[in-house]
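>>> generate a structure from the sequence data that follows.
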Amino acid sequence: MDPVLRIVERSNQRGGRMLSVVDLLRAETLNRRQAAWLLARIEQGASWMVGARPGGAGKTTVMSALLAMLPAGERVRLTNPGSGWEMSRPGECIVAYEISRGYYDAYIWGADLAHMAALGACGCRLVTNLHADTLVEAREQIVRENGVPAEGFDAFGMFLPLAVRRRGLAVERVIPAIHYYRDGGWQVLDESEPPSEREEQIDAFLDDCARRELVTVCDVRKAWLEWQVAHPIG
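Predicted coordinates:
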């Protein structure tokens, strides 16, 4: 199995089919502008963390759907003993299933989290989630509680807060805004700005996946890798 898909499937603690980016679009967890923008940044090596206070909100689902869109050949390691993640090099990806205390699969805290952040500041891609509803809460947890320097926090690159809303008997999960680090500070994606040419191409790719009923993580990743070969970054 593709090592990225292996790590995606391993994150599945609740059973059932893991959701893809196409699933998240159909559920309106992500809108089209957000999805294309995120995938364009992931192509370029961006890191991200997904945040929500409650357990079961869907943090891992969103994190893993995006993880499945890593470029081909990118080395990826979990933050588990013996995986060698501590020796990761720039251009490689480090995945922690959660920033939290406890000795669960690929959980990270304390000195290990500080080391992970330092590797991110040196050019590794970081992917994780945590119990935080806002960027302020995420910073409080990572910087104050774990002693991570500010530049280490900034290395996490993007923060995707996941809001859980009830509409009658239905439960909706929505990313209301995307926070990202650029030019020395954290900003919020302005979704009213025109998409780049690459984002328009990615939007067309996602449309094509939906039209062809490619919705599983495996099928969407396969189509994504084939599409990237046919449509290299200009």
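>>> where exactly do the helices run in the chain?
3-10, 21-26, 32-43, 59-67, 110-121, 135-139, 150-154, 197-211, 217-230 (DSSP state H).
>>> and the last one, C-alpha only, in CSV?
When you say that, I think you mean helix 217-230. Provided in CSV are the C-alpha atoms of helix 217-230 (Å, rounded to 0.1, in the frame of the first residue of the first chain):
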residue,chain,number,x,y,z
VAL,A,217,-9.6,8.2,-0.3
CYS,A,218,-7.8,5.6,-2.5
ASP,A,219,-9.5,6.6,-5.7
VAL,A,220,-9.1,10.4,-5.1
ARG,A,221,-5.5,10.0,-4.3
LYS,A,222,-4.8,7.9,-7.4
ALA,A,223,-6.5,10.4,-9.6
TRP,A,224,-4.7,13.3,-7.9
LEU,A,225,-1.3,11.7,-8.4
GLU,A,226,-2.1,11.0,-12.1
TRP,A,227,-3.4,14.6,-12.5
GLN,A,228,-0.3,16.1,-11.0
VAL,A,229,1.9,14.2,-13.6
ALA,A,230,-0.3,15.5,-16.4
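>>> quick one: end-to-end length of stretch 68-87, please.
End-to-end span of stretch 68-87 (C-alpha to C-alpha, to the nearest Å): 23 Å.
>>> could you list the buried residues of it?
68-70, 75-80, 85 (16 or more other C-beta atoms under 10 Å). In this view, the C-beta of every residue, glycine as well, is placed from N, C-alpha and C.
>>> what's the spacing between the residue sitting nearest the centre point of the chain and residue 76?
With distances taken as C-alpha atoms, centre = their mean, residue 63 lies nearest the centre of the chain, 4.0 Å away. Using C-beta to C-beta, to the nearest Å, one gets 13 Å for the distance from residue 63 to residue 76.
>>> do the same with residue 189
25 Å.
>>> please identify the most buried of the helices of the chain.
Counting by mean count of other C-beta atoms under 10 Å, helix 59-67 has the highest mean neighbour count of the helices of the chain, with a mean of 24.
>>> closest one to residue 171 among the helices of the chain?
Closest to residue 171 of the helices of the chain, according to C-beta to C-beta: helix 59-67, at 12.8 Å.
>>> contact partners of that closest one?
By C-beta atoms under 8 Å, 6 or more residues apart in numbering, the residues outside helix 59-67 that reach it are 4, 7-8, 11-13, 18-21, 23-24, 29-30, 38-39, 42, 48-52, 76, 95, 97-98, 127-130, 160, 162, 173, 175, 217.
>>> at 7 Å instead, please
Defining contact as C-beta atoms under 7 Å, 6 or more residues apart in numbering, one finds that helix 59-67 is touched by 4, 7-8, 11, 18-21, 24, 29, 38, 42, 48, 50-52, 95, 97, 127, 129, 160, 162.
>>> with stretch 38-52 instead?
With C-beta under 7 Å, 6+ apart, stretch 38-52 has contacts from 59, 62-63, 66, 69-71, 120, 125-130, 132-133, 138, 155-162, 164, 196, 198-199, 202, 233.
>>> check the offset of the helix-or-strand element of the chain with minimal mean pLDDT from the chain's centre.
The least trusted helix or strand in the chain, going by mean pLDDT, DSSP states H and E, turns out to be strand 163-167, with a mean of 86. Averaging C-alpha positions (C-alpha atoms, centre = their mean, to the nearest Å) puts strand 163-167 21 Å from its chain's average.
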